[in-house]
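J.: Here's my sequence, what's the structure:
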Amino acid sequence: MNIKPLFDKVVVTENNKEETTKTGFILPSASQENQQTVTVVAVGPGGIIDGKEVTMQVTVGDVVLCAQYAGTQFKVDGKEFTIIKQSDILAIVE
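T.: Numbers count the residues shown, from 1 in each chain. Down below sits the predicted model:
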C-alpha cells in the first residue's frame, strides 16, 4: 500500500530504538525513550494552507528531529508510521 499525505503533512517512521545502554545493560520496552529522530517516508505537496504558501522543506529519506509527542500514529500492512505537520519538524539531521 502506498501512503500519499495531503497538504503540509509528512509521514515518518521511527528509527531503531535503543535496547541497550552504552554500558551494555538491556532496557525493558517500558523504559526505552520515545524516539525524536525519525525517517521521512512520504511528503505532501505543500500549497496554500490557511491563506499562506507552504513550501515543503524535507524530502523522502531525510532523518529529522521532531517534537516528542507530535502527530498521529497508525499501522499499514503491519508497519507503524506517524503522520505529522511539517511545522512539527524541528531540524534535519545530517
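
J.: Give me the distance from stretch 49-69 to the chain's centre.
T.: 10 Å (C-alpha atoms, centre = their mean, to the nearest Å).

J.: May I ask which helix or strand of this protein has the lowest mean pLDDT?
T.: Least confident element among the helices and strands of the chain, by mean pLDDT, DSSP states H and E: strand 47-49 (a mean of 88).

J.: Could you spell out the sheet neighbours of that one, each with its direction?
T.: strand 52-54 (antiparallel) (DSSP bridges).

J.: What strands line up against whichever helix or strand comes after the strand it pairs with, and which way round?
T.: Downstream of strand 52-54, the next assigned helix or strand under DSSP states H and E is strand 63-66. Using DSSP bridges, the strands paired with strand 63-66 are strand 37-43 (antiparallel), strand 89-93 (antiparallel).

J.: in the first one, what's buried?
T.: Just to be clear, that refers to strand 37-43. Under the neighbour-count criterion of 16 or more other C-beta atoms under 10 Å, strand 37-43 has 38, 40, 41, 42, 43 buried. Glycine gets a C-beta too; all of them are placed from N, C-alpha and C.

J.: Need the CA coordinates for that strand. PDB is fine.
T.: Written as PDB, here are the backbone C-alpha positions of strand 37-43 (Å, rounded to 0.1, in the frame of the first residue of the first chain):
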ATOM      1  CA  THR A  37      14.700  11.300  15.400                       C
ATOM      2  CA  VAL A  38      12.600   9.700  12.600                       C
ATOM      3  CA  THR A  39      13.000   9.000   8.900                       C
ATOM      4  CA  VAL A  40      10.700  10.700   6.300                       C
ATOM      5  CA  VAL A  41       8.800   8.100   4.300                       C
ATOM      6  CA  ALA A  42       6.400  10.400   2.300                       C
ATOM      7  CA  VAL A  43       5.900  14.100   1.900                       C
END
